[in-house]
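Q: sequence plus predicted model, see below.
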Number of protein chains: 2
Amino acid sequence: MISQKAKYALRALVVLARADAEKVLFISDIAEEQNIPKKFLEQILLDLKHQGIVMSRRGKMGGYLLLKPAEDITFGEVLRLIDGPIAPLPCLSKIAYRRCEDCASEATCEIRHVFNEVANVTRGVLDKTTIADCLVYGENHNAAALLDS
Amino acid sequence: MISQKAKYALRALVVLARADAEKVLFISDIAEEQNIPKKFLEQILLDLKHQGIVMSRRGKMGGYLLLKPAEDITFGEVLRLIDGPIAPLPCLSKIAYRRCEDCASEATCEIRHVFNEVANVTRGVLDKTTIADCLVYGENHNAAALLDS
DNA sequence: AATAATCTCTACCGGATCAATCGTGTATCA
DNA sequence: TGATACACGATTGATCCGGTAGAGATTATT
């Protein structure tokens, strides 16, 4: 399960991507559209800003906008920075490798290859999918909403 | 990341699978071989017993053994029962579906398809891999240990 | 019958993490 | 100058994680 925070981050980025480039959006507007607690979203966008994914302008008429094109922001990137490693075991993480202390040896660890395979397939999806790939789904918003109900 | 508990569970099952069928193993022997805190492993094996994966015999000379052949115990099964759903979103779980409260509609949710794809590929690995698939790696234990060091 | 070795089960604990919320500060525009 | 935005650190309450403690039940051995 990914965290609520990561979910919010991804959805906020989609909203920003949907807006015209160069146009700044208020935190409050994004929060309202996506049902995200405003103060929580502040933190999240601040994190994304520190990681160079979005930019902000302060003061009245301030707001947020994407710093990179949506095609260049992958799900993997966002998830790693919000939730940490994607790998299911610390000894398989690329960004935060850590030995399993209780494990005698990585070569003979009985379960490591299985989770290595898991890590590879999930990275396969997450590192190739970008925020831009989500934009199509927002288009016929109303039609889809009807279908779902 | 999977939990420590799940890791222990899987490794304990591998140990049980490696023993002759019908032979009961002490918790303490499994714990020692795999560096698992004994009291914690007690709880884990009890869980696995309640789920019908292992059997126990009480009293002196008691112990645990597999209730099903190792080929029939999948990683997915064990992970679901220890760590809960494999799906990265509650609205994608098969064993514990739950609507995302903040999400307006599943059909228009911008990120749902991406995580659905993730869920499918990870389930693809975890539900086809069994405890028996791990047994080969334990065989030339010593050779592999040397290579790893 | 006593004893020792095992599993059974419930309760508990400290620390970490999660999902927010609060409050204050700072920049900017009208 | 005042209103409106973001900036940022602190705090909170709930839950989970990893593990420990201890009493009890069951069985084998002596």
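A: The structure has been received and is ready for your questions. Residues are numbered from 1 along each chain as shown, chains lettered A, B, ... in the order given.

Q: which element is the residue in chain A that DNA strand C sits nearest to on?
A: At 2.1 Å from DNA strand C, A:Gly59 is the closest residue in chain A, using C-beta to the nearest atom of the strand. Just so you know, the C-beta spots here come from the backbone N, C-alpha and C atoms, and that holds for glycine as well. Using DSSP states H and E, A:Gly59 maps to neither a helix nor a strand.

Q: so how far is chain B from it?
A: 29 Å (C-beta to the nearest C-beta, to the nearest Å).

Q: tally of neighbours for that residue?
A: 6 (other C-beta atoms under 10 Å in any protein chain shown).

Q: distance of it relative to A:Phe26?
A: According to C-beta to C-beta, to the nearest Å, A:Gly59 stands 12 Å off from A:Phe26.

Q: what about chain A, any weak spots by pLDDT?
A: The model of chain A has pLDDT under 70 over residues A:137-149.

Q: and it, which residues reach DNA strand C?
A: Selection of chain A residues close to DNA strand C by C-beta under 7 Å from any atom of the strand yields A:3-5, A:8, A:37-40, A:42-43, A:57-62, A:83.

Q: quick one, phi/psi of the residue of chain A closest to DNA strand C?
A: phi 80, psi -180 (degrees, to the nearest 10).

Q: ok, now which ones touch A:Leu135?
A: By C-beta atoms under 8 Å, 6 or more residues apart in numbering or on different chains, the contact set of A:Leu135 is A:14, A:17-18, A:70.

Q: looks to me like it is in a helix.
A: Yes: assessed by DSSP: H, G, I helix; E, B strand; the rest coil, A:Leu135 belongs to a helix.

Q: how near is A:Lys60 to chain B?
A: 28 Å.

Q: who's in contact with that residue?
A: Listed by C-beta under 8 Å, 6+ apart, A:Lys60 has no contact partners.

Q: the strands in chain A, which residues?
A: Ranges of strands within chain A are A:54-57, A:63-66, based on DSSP state E.

Q: can you say which of those is packed in most?
A: Mean neighbours per residue, mean count of other C-beta atoms under 10 Å in any protein chain shown, is largest over the strands of chain A for strand A:63-66, with a mean of 21.

Q: what sits up against it?
A: With C-beta under 8 Å, 6+ apart, strand A:63-66 has contacts from A:13, A:16-17, A:19, A:21-27, A:30, A:45, A:49, A:53-57, A:73.

Q: how does it look with 7 Å?
A: A:16-17, A:22-27, A:45, A:54-57 (C-beta atoms under 7 Å, 6 or more residues apart in numbering or on different chains).

Q: for the residues you listed, give me CSV that also has distance to chain B.
A: Listed next are the contacts of strand A:63-66 as CSV, based on distance: C-beta to the nearest C-beta, whole Å:
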residue, distance to chain B
A:Leu16, 12
A:Ala17, 9
A:Glu22, 22
A:Lys23, 19
A:Val24, 20
A:Leu25, 15
A:Phe26, 19
A:Ile27, 16
A:Leu45, 16
A:Val54, 16
A:Met55, 21
A:Ser56, 22
A:Arg57, 25
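
Q: can you put the residues you listed in a markdown table and add distance to A:Cys91?
A: Shown next, in a markdown table, are the contacts of strand A:63-66 (distance: C-beta to C-beta, whole Å):
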| residue | distance to A:Cys91 |
| --- | --- |
| A:Leu16 | 36 |
| A:Ala17 | 35 |
| A:Glu22 | 44 |
| A:Lys23 | 44 |
| A:Val24 | 43 |
| A:Leu25 | 41 |
| A:Phe26 | 43 |
| A:Ile27 | 39 |
| A:Leu45 | 33 |
| A:Val54 | 33 |
| A:Met55 | 36 |
| A:Ser56 | 37 |
| A:Arg57 | 43 |
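
Q: which residue is the nearest non-sequential neighbour of A:Asp102?
A: B:Asn35 (4.2 Å; C-beta to C-beta, 6 or more residues apart in numbering or on different chains).

Q: wait, that neighbour touches A:Cys100, no?
A: No: if you go by C-beta atoms under 7 Å, B:Asn35 and A:Cys100 don't touch, sitting 9.5 Å apart.

Q: more neighbours, these two?
A: Shown here are B:Asn35 and A:Cys100; by other C-beta under 10 Å, A:Cys100 has more neighbours (17 against 13).

Q: isn't the more buried one up against A:Cys91?
A: Yes: the pair A:Cys100 / A:Cys91 is scored as a contact, 5.1 Å apart, by C-beta under 7 Å.

Q: what residues of stretch A:111-121 count as buried?
A: A:111-112, A:114-119, A:121 (16 or more other C-beta atoms under 10 Å in any protein chain shown).

Q: go on, stretch A:124-132?
A: With burial defined by 16+ other C-beta under 10 Å, the residues of stretch A:124-132 counted as buried are A:125-126, A:129-131.

Q: nice, that's everything, thank you.
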